[in-house]
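Chemist: Need coordinates for the following:
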Amino acid sequence: MNGWVTLASVIKPRGNRGEVIVINMTTGPQRFLDLKHVTLIGKTERPAEIEDAWDHQGQLILKFKGVDSIGEAEELKGLAVSIPESQRPVPGPDEFFIDDLVGCQVIDDNNQTRYGSVVAFHEQMGSSGLLEIEGEVLIPLVKSICVKIDTAAREIRVRLPEGLIP
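Modeler: Residues are numbered from 1 along each chain as shown. Down below sits the predicted model:
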């Protein structure tokens with residue numbers, strides 16, 4: 001989605017008042033409450049206003065204005081909750097955008113071995129996700145493994161557990 005930043009992806013309806021469960025790709029409910037206006041993107045683009053956002057048992061729930069039934073919420077399934085790239089905030093120290101990891105070189109922090117570049121990020125329910133490196137190698141995106149992420153330098157320094165990469 002060139003020119004857009006995806007903040008969440010709608011998984012399914014929740015409850016009977018039009019709420020939806022989303023895969024959250026940002027800092028949490030407050031980010032959505034601060035935004036208010038987003039664009040829902042699928043086969044088409046449509047503006048949407050966030051009425052409410054909250055965490056429930058580890059899942060982010062969004063309520064869009066004018067979506068008031070299970071049926072209306074079902075129509076949102078699979079849509080990306082997005083903002084224009086120009087509205088993306090500047091990340092703070094030790095923060096980054098998942099999209100910015102694609103193309104970064106993965107380098108061993110101890111012996112400088114270059115493993116290749118990140119070709120994709122795979123969201124995992126209940127975990128921090130996986131970086132896919134050239135050659136279909138998957139590396140967990142956790143601080144104990146990815147010890148330094150520098151998107152400006154296009155590098156991710158890693159300390160891999162024995163046996164993770166053959």
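
Chemist: Going by C-alpha atoms from here, please, whenever you check contacts or count neighbours.
Modeler: OK.

Chemist: Of all the helix elements in the chain, which one is longest?
Modeler: When the chain is parsed with DSSP state H, its longest helix is helix 29-35.

Chemist: Other residues contacting the helix or strand following that helix?
Modeler: Following helix 29-35 in sequence order, the next helix or strand is strand 37-41 (DSSP states H and E). Applying Cα atoms under 8 Å, 6 or more residues apart in numbering, the set of residues contacting strand 37-41 from outside is E45, R46, P47, A48, E49, I50, L79, A80, V81, S82, I83.

Chemist: Identify the farthest-apart pair in the residues you listed.
Modeler: The largest separation in the contacts of strand 37-41, counting by Cα to Cα, is between E45 and I50 at 15.6 Å.

Chemist: Look at these two and report which has more neighbours.
Modeler: Comparing E45 with I50 by other Cα atoms under 10 Å, the one with more neighbours is I50, at 17 against 12.

Chemist: right, and the helix or strand after the helix or strand hosting the more buried one?
Modeler: Using DSSP H and E, I50 sits within strand 45-56. Downstream of strand 45-56, the next assigned helix or strand under DSSP H and E is strand 59-64.

Chemist: Quick one: mean pLDDT over the helix or strand following that following strand.
Modeler: Counting by DSSP H and E, the next helix or strand C-terminal to strand 59-64 is helix 70-74. With pLDDT averaged residue by residue, helix 70-74 scores 95.

Chemist: Please list all residues in contact with the most centrally placed residue in the chain.
Modeler: In the chain, the residue lying closest to the centroid (Cα atoms, centre = their mean) is M25, at 2.7 Å. M25 is in contact with T6, L7, A8, I98, counting by Cα under 8 Å, 6+ apart.

Chemist: how much space is there between the closest residue in space to the second one that isn't next to it in sequence and V137?
Modeler: Think L7. Spatial nearest neighbour of L7, chain neighbours left out: M25 (5.0 Å); criterion: Cα to Cα, 6 or more residues apart in numbering. Separation of M25 from V137 (Cα to Cα, to the nearest Å) stands at 22 Å.

Chemist: The helix or strand in which V10 is found to strand 59-64, inter-axis angle?
Modeler: Using DSSP H and E, V10 maps to strand 4-14. Interaxial angle, strand 4-14 versus strand 59-64 (axes from the mean of the first three to the mean of the last three Cα atoms, to 10 degrees): 100 degrees.

Chemist: Thanks a lot, catch you later.
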